[in-house]
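*Asks:* here's my sequence, what's the structure:
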Amino acid sequence: VRAVRPTGCRLVLLHGYPYHRGAAYLAAVFPHVYADVGLALTHTGARAGAVLAEVLELAPFGKVLFSTDAHGLPELYLVGARLFLEALDATSARWVRDGAWCAADAERVAALVAADNARRVYGRGGTVADDTLADGT
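*Replies:* I've put the predicted structure just below:
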């Protein structure tokens, strides 16, 4: 991770489960590292919300990316997207209810993780100025 940083290359850590907390930590401490939660959510099913919450507790919101991580059967894309949406809805609703987030924060984080971060990192609509989001603000 340190050797790549001077090159300007962004690293997106994929397939982190069951080491998703480690990936989230690396995303927090290295400006060029991002964490993708796709495989973690797809493989944890009903516990997807707990896994997503663990990632969001450590990684800056501007550095977490969603993917379905599906391959093979087309149905897996739907399963991955559905698990993510349910996990994100449940986690953000709980944090809003507990007073950790306001509703506007929950909406902003959802937009970042669901699409905006990936667009920025992969050059599909974000701008270089958008990298200020990488610190979680």
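*Asks:* could you find the closest non-adjacent residue to residue 55?
*Replies:* residue 24 (4.5 Å; CB to CB, 6 or more residues apart in numbering). Bear in mind the C-beta positions are built from the backbone N, C-alpha and C, glycine included.
*Asks:* confidence score at residue 41?
*Replies:* Residue 41 carries a pLDDT value of 84.
*Asks:* and the nearest residue in space to it that is not next to it in sequence, which of the three is it?
*Replies:* Nearest residue to residue 41, sequence neighbours excluded (CB to CB, 6+ apart): residue 48, at 4.2 Å. Here residue 48 is recorded as helix under DSSP: H, G, I helix; E, B strand; the rest coil.
*Asks:* that older thread, show me the contacts for the residue nearest to residue 55.
*Replies:* 35, 54-59, 64 (CB atoms under 8 Å, 6 or more residues apart in numbering).
*Asks:* now for the longest helix along the chain, which elements pack on it?
*Replies:* Determined from DSSP state H, the single longest helix within the chain is helix 75-97. Counting contacts by 3 or more CB pairs under 8 Å, 6 or more residues apart in numbering; DSSP states H and E, helix 75-97 packs against helix 38-44, helix 48-58, helix 103-111.
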